[in-house]
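# 3D model of this:
(2 chains)
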Protein chains: 2
Amino acid sequence: MNSRLFRFCGGNTGLWRVTECRALHGQPLAAVTHLSILSGDTPDILAGAVWTLRGMVSNSRYTTRQELDRLNAVSPALGRVEATCAALIPIRKSAAWWALAQDERRAIVEERSHHIDIGLHYLPAVARRLHHCRDLGAEPFDFLTWFEFAPCDVKPFEELVSRLRETDEWSYVEREMDLRLTRSPG
Amino acid sequence: MNSRLFRFCGGNTGLWRVTECRALHGQPLAAVTHLSILSGDTPDILAGAVWTLRGMVSNSRYTTRQELDRLNAVSPALGRVEATCAALIPIRKSAAWWALAQDERRAIVEERSHHIDIGLHYLPAVARRLHHCRDLGAEPFDFLTWFEFAPCDVKPFEELVSRLRETDEWSYVEREMDLRLTRSPG
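Below you'll find the predicted structure:
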């Protein structure tokens, strides 16, 4: 059992109801009505899953100690009772991105795109968990980011993703889906 | 087929003959006489394999553009006819390592331990390929490094690994094996 591995299963059943499913770049995922999130690496296939995306929670790749401390101080846990809205944003970056050196990627992510700083601005409203897929092998995306927020924070969330999509970093995104979801309160 | 995934299969058959197998930190791997290296993610189990270690070639994590350019300029390919000696060094780092932020890990790797600079000193004699395992799930090591060199470069290679093991970075290594191997020329 690997507790850092998560599977996002789209189908006709699940805790989360899909309210919107858009392909922003590249090939779309098949439309589904519900999403289930499973943790651990048990080989079970979820009955009724139309697609399954796997991702691993990993160590931070760009964040400095100072940034990490600032993030940790205000980052809420997932699963808050009031956070009945969610988004799953799978992205794949280009070969050009992955050929960059560490300092070049860091400069694009933060010094030029302010990715970490923009994210901080929407904390603690928007809870977030990043999953890495690229090195699992045979996954269609490089990253899956899962967001949870209350209905009253839908507008700030839209602003957050809109600001990120205007950055230099996003010019390296060659496939992107945007799924919006809701669940019953409690 | 994922051409970045490699499997190192220890058993009683394979291109490489194991001449030495030492556990430097933590639990040893079972002793084997031969090693096979398979690429791709075909699910075949190699007949006779006593153990299989999987690792993914990935993007660089600490190297700057300047360092990467210097490395690329002098790094030989694997498979040189004269490089009949090899080493496989699987390591696992501690939870404390993985909890560090990117700038802290970079500072330990290079500014304090000179890992990249030490490696450069032994190029082009020692060819090297780094494989990441930690985010594959259920792998016993975090990294597998494969080295190839000619018999006349055994001594420089010993010096290389000895220098790395004296670094601050190595104080975070909690499991380490060192396998030495040879193959017939050609």
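
# ok, now how distant is the residue nearest the centre of chain A from residue A:173?
Nearest to the mean C-alpha position of chain A, by Cα atoms, centre = their mean, lies residue A:145 at 0.7 Å. Using Cβ to Cβ, to the nearest Å, we find residue A:145 at a distance of 12 Å from residue A:173. All C-beta atoms are positioned from the backbone trio N, CA, C, and that covers glycine.

# what's the overlap in contacts for these two?
Shared contacts of residue A:145 and residue A:173 (Cβ atoms under 8 Å, 6 or more residues apart in numbering or on different chains): residue A:91.

# so residue A:88 sits right up against residue A:143, yeah?
No: using Cβ atoms under 8 Å, residue A:88 and residue A:143 do not qualify as a contacting pair, with a distance of 10.9 Å.

# neighbour count winner among these two?
Set residue A:88 next to residue A:143 and count neighbours by other Cβ atoms under 10 Å in any protein chain shown: residue A:88 wins out with 23 against 18.

# element containing the more buried one?
strand A:85-93 (DSSP states H and E).

# do residue A:160 as well
Element membership of residue A:160, judged by DSSP H and E, is helix A:154-165.

# determine the set of other helices and strands touching that helix.
In terms of contacts (3 or more Cβ pairs under 8 Å, 6 or more residues apart in numbering or on different chains; DSSP states H and E), helix A:154-165 is packed against strand A:85-93, helix A:115-121, strand A:143-149.

# if you set the cut-off to 10 Å instead, what comes out?
When contacts are defined as 3 or more Cβ pairs under 10 Å, 6 or more residues apart in numbering or on different chains; DSSP states H and E, helix A:154-165 packs onto strand A:16-25, strand A:85-93, helix A:115-121, strand A:143-149, strand A:173-182.

# give me the helices and strands touching the strand holding residue A:88, please.
So strand A:85-93, by 3+ Cβ pairs under 10 Å, 6+ apart, packs with strand A:5-11, strand A:16-25, strand A:34-39, strand A:49-56, strand A:127-132, strand A:143-149, helix A:154-165, strand A:173-182.

# in the longest one, what counts as buried?
Applying a neighbour-count criterion of 16 or more other Cβ atoms under 10 Å in any protein chain shown, one finds A:157, A:160, A:161, A:163, A:164, A:165 buried in helix A:154-165.

# nearest to residue A:27 among those?
Checking the buried residues of helix A:154-165 against residue A:27 with Cβ to Cβ, the nearest one is residue A:165 at 18.3 Å.

# identify the residues contacting the closest one.
Residue A:165 makes contacts with A:24, A:25, A:89, A:171, A:173, A:176, A:178, as judged by Cβ atoms under 10 Å, 6 or more residues apart in numbering or on different chains.

# swap in 7 Å and give it another go.
By Cβ atoms under 7 Å, 6 or more residues apart in numbering or on different chains, the contact list for residue A:165 is empty.

# before we move on, the earlier item: how big is the angle separating the strand holding residue A:88 from strand A:143-149?
Angle of strand A:85-93 versus strand A:143-149, following axes from the mean of the first three to the mean of the last three Cα atoms, to 10 degrees, is 160 degrees.

# check which element follows strand A:85-93 along the chain.
helix A:95-98.

# who are the packing partners of that following helix?
With contacts taken as 3 or more Cβ pairs under 7 Å, 6 or more residues apart in numbering or on different chains; DSSP states H and E, helix A:95-98 sits against no other helix or strand.

# dump that helix to CSV, restricted to CA.
The C-alpha coordinates for helix A:95-98 follow below in CSV (Å, rounded to 0.1, in the frame of the first residue of the first chain):
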residue,chain,number,x,y,z
ALA,A,95,9.2,18.2,-24.2
ALA,A,96,10.9,21.7,-24.3
TRP,A,97,9.9,22.2,-20.7
TRP,A,98,11.4,18.9,-19.6
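
# can whichever helix or strand comes after that helix be said to contact chain B?
Next along the chain after helix A:95-98, taking DSSP H and E as the criterion, comes helix A:102-106. Yes: using Cβ under 7 Å from any Cβ of the partner chain, helix A:102-106 reaches chain B at A:102, A:103, A:104.

# next one: stretch A:111-128
No: Stretch A:111-128 does not reach chain B (Cβ under 7 Å from any Cβ); its nearest approach is 10.8 Å.

# other residues contacting that stretch?
Under the criterion Cβ under 7 Å, 6+ apart, residues A:63, A:67, A:70-71, A:74-78, A:80, A:83, A:109-110, A:145, A:147-149, A:153, A:156-157, A:160, A:163-164, A:167-169 lie in contact with stretch A:111-128.

# buried ones among those residues?
For the contacts of stretch A:111-128, buried by 16+ other Cβ under 10 Å: A:63, A:67, A:70-71, A:75, A:83, A:109-110, A:145, A:147-149, A:153, A:157, A:160, A:163-164, A:167, A:169.

# figure out how far stretch A:151-165 is from the centre of its chain.
With Cα atoms, centre = their mean, to the nearest Å as the basis, stretch A:151-165 stands 13 Å off its chain's centre.

# how far out from the middle of the chain is stretch A:107-126?
Chain-centre distance of stretch A:107-126: 14 Å, with Cα atoms, centre = their mean.

# next one: stretch A:11-22
The answer for stretch A:11-22 is 15 Å, by Cα atoms, centre = their mean.
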